[in-house]
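Participant: 3D model of this:
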Amino acid sequence: MQPFTQLTAIAAPYDRLNVDTDQILPARFLLKRRTDPQYPTYLFRDLRLNADSTESPDFVLNHPAYRAAQIFVGNANFGGGSSREAAAIAFDRYGIRCVIAVNFGDIFYNNCVKNGILPVRLSDATTAAIRNQLHAKPGSTLTVDLPAQNVTDTEGHQHPFEIDGFSKSCLIEGASQIDLTLRRLPEIEAFEQRYRAAMSWA
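Facilitator: Residues are numbered from 1 along each chain as shown. Reported below is the predicted structural model:
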């Protein structure tokens with residue numbers, strides 16, 4: 001996966017509370033491959049599109065100023081609900097590299113990290129202030145610095161955030177779970193050879 005160090009990008013504000021994984025990626029798209037060229041269109045599909053498949057002008061990512069957003073600023077209880085990894089994959093395929101919210105569903109948070117997306121927890125007051133800045137100046141950018149663990153808002157104020165060391169190192173290195181396993185490949189192969197020798201009767 002792509003390493004994450006520092007990102008300065010357009011940020012999209014989304015005020016809705018309790019955004020669950022079914023809103024992020026409706027269940028009918030769960031069997032789609034991440035290589036599907038239409039995958040970016042599945043993100044928030046039922047909120048972004050009307051019943052007649054036209055774009056809803058009220059949804060933030062349909063606003064011209066936010067279409068190229070790589071940072072998404074949500075509200076409280078973001079990514080709760082089912083454990084579907086595809087919800088995180090939908091953000092990745094759209095091009096969102098960082099999701100900021102007050103708090104996250106635990107599984108969604110971990111799925112973001114596994115797919116190269118930085119989930120940032122900031123206080124209720126801070127996320128609200130940042131969303132207000134972005135609403136006031138559509139198309140504005142934020143800077144997210146993972147090594148320094150801070151977010152710089154549109155007014156230049158820095159907001160520190162916490163992240164565990166393992167998740168931080170995986171994101172900075174761009175190391176997926178498969179990558180981490182392959183680093184131990186010589187040890188795994190050596191074990192397999194010893195096991196076959198010891199259990200040759202099996």
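Participant: close enough to count as contact, residue 109 and residue 119?
Facilitator: Yes - the pair residue 109 / residue 119 is scored as a contact, 4.9 Å apart, by C-beta atoms under 8 Å. Yep, even glycine has a C-beta here, placed from its N, CA and C like the rest.
Participant: Could you name every residue contacting both of the two?
Facilitator: In terms of C-beta atoms under 8 Å, 6 or more residues apart in numbering, residue 109 and residue 119 are both contacted by the residues residue 79.
Participant: Pick out whichever of these two has more residues nearby.
Facilitator: Neighbours per residue (other C-beta atoms under 10 Å) separate residue 109 from residue 119, with residue 119 holding more: 25 against 21.
Participant: can you tell me the helix or strand for residue 12?
Facilitator: In this assignment (DSSP states H and E), residue 12 forms part of strand 6-13.
Participant: Sheet-wise, list the partners of that strand with their directions.
Facilitator: Using DSSP bridges, the strands paired with strand 6-13 in its sheet are strand 71-73 (parallel), strand 141-145 (antiparallel).
Participant: Just say which of those strands is most tucked in.
Facilitator: strand 71-73 (a mean of 26; mean count of other C-beta atoms under 10 Å).
Participant: Could you name the helices and strands sitting against the next helix-or-strand element following that one?
Facilitator: For strand 71-73, the following helix or strand on the C-terminal side (DSSP H and E) is helix 86-94. Judged by 3 or more C-beta pairs under 8 Å, 6 or more residues apart in numbering; DSSP states H and E, helix 86-94 is in contact with helix 21-24, helix 106-114.
Participant: Show residues contacting helix 86-94.
Facilitator: 21, 24-25, 29-30, 32, 34, 39-40, 42-44, 61, 72, 79, 99, 108, 111-112, 114-117.
Participant: swap the cut-off to 7 Å and go again
Facilitator: Residues from elsewhere that reach helix 86-94, judged by C-beta atoms under 7 Å, 6 or more residues apart in numbering: 21, 24-25, 29-30, 34, 39-40, 42-43, 79, 99, 108, 111-112, 115-117.
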